[in-house]
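> build the 3D model from these lines:
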Amino acid sequence: MREELLEQLQTWHEEDEYEKIVEAVTDIPEEERDYELISHLGRALNNLERYDEAIEQFLKIADEGKDDPLWHYRIGLAYYYLERYDEARTAFETADRLEPGDEDTLEFLSWIEEKTAAGDAGDEEAAPASSASEAAEAAGSEGEKIAAEPVVFEGDFDAEGFWDDDNPAAEKYVSAPPTDALVESVEESLVFRLPAFYVNLMKVHNGGIPRNRYFRSQTGETIEILGIMGIGREKPHSLCGAAGSRATIEREGYPEFGVVLCDTPSDTGVVMLDYRESTNVGEPEVVYVEKASKKVIPLAPNFEAFVRGLTGGTTQE
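Next up, the predicted model:
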């Protein structure tokens, strides 16, 4: 029975059904919850951005988790998003000591250094940021956004009406519009230049869930997406977030020829920008990559064509 529950919790995690995980675990009497169940609960609370509650759960199993790099990573993530950077640094440093070289851990440590460096140099006479990443944090921190240039789209594309902000899952994707410095910083982290149409769309509405979420491939298959990742690091479903492009590629073994932009229902695959033909000079193609087989299915010649080709249902052309 317990093994069946653990399998169900993992399935819900892969399907982004985090509320179901919370409900299932909290229905179990507290004295009957073991390390594994509480770990599932804390991870789900992290994914729901309920970081204070996640920390409360992780601290209950601190003694058991002291030698588990995942425990330190998960509580470090919660501390990070609560801007408790000293505690986050301690947790991630311990995770790195227990499991050296994990790229996600090292990336969080680098972000913490950028955050704390920006805070130490917060007065007006501080020297300019010396890297694209530092510049992004200095220019893109909350409350100090540099207004982006107005974006005009050709044709009849409605960038505002494109998004379904009433969808309760939208908050996992949507961030404040990116500054040019943040765009440069994220591109530096991804090692790919993002398409101009995508960047312009994100400057109007940075990530989210489209109203139309279906795309018919060149081979006649219909692909459904959940959302489009925005430019940033803070939200889980942003390009450099905890469930972003690099994290998804490393976790699931997707090909490293580009950038993951969209996830799909039931975690069956991802929509990616494919830079194999264009490199960083031209416009990358948009492809769908199946999770199980890693089969690559061409979708559109570029991101703009992909966005304009999205429809509201499987029967629409």
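
> name the residues of stretch 200-220 that come out as buried.
Residues of stretch 200-220 classed as buried: 200-203, 205-210, 212-216 (neighbour count, 16 or more other CB atoms under 10 Å). Where C-beta positions appear, they are placed from N, C-alpha and C, glycine not excepted.

> and that stretch, how far out from the chain middle?
Stretch 200-220 sits 16 Å away from the centroid of its parent chain (CA atoms, centre = their mean, to the nearest Å).

> over to stretch 292-311?
So, by CA atoms, centre = their mean, the centroid of stretch 292-311 is 19 Å from its chain's centroid.

> list the contacts of that stretch.
With contact meaning CB atoms under 8 Å, 6 or more residues apart in numbering, stretch 292-311 is reached by 157, 162, 195, 197-198, 201, 210, 212-219, 221, 223, 225, 253-255, 261, 268, 271, 273-274, 283-290, 317.

> hmm, try it at 6 Å
195, 197-198, 210, 212, 214-215, 217-218, 283, 285-289 (CB atoms under 6 Å, 6 or more residues apart in numbering).

> between the buried residues of stretch 200-220, which is nearest E30?
I209 (34.8 Å; CB to CB).

> helix or strand: which one has the closest residue to R193 other than its chain neighbours?
Nearest residue to R193, sequence neighbours excluded (CB to CB, 6 or more residues apart in numbering): N280, at 4.6 Å. Here N280 is covered by no helix or strand, with elements defined by DSSP states H and E.

> wait, isn't N280 in contact with V191?
No: N280 is beyond contact range of V191, at 8.4 Å (criterion: CB atoms under 6 Å).

> picking up where we left off before, give me the subset of the buried residues of stretch 200-220 lying in strands.
214-216 (DSSP state E).

> still on that earlier bit, and the contacts of stretch 292-311, which is the shakiest by pLDDT?
Note: of these, the lowest pLDDT belongs to Q218, at 80.

> can you list the ones in strands among the buried residues of stretch 200-220 in CSV and add distance to T94?
Shown next, in CSV, are those (distance: CB to CB, whole Å):
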residue, distance to T94
Y214, 44
F215, 43
R216, 48
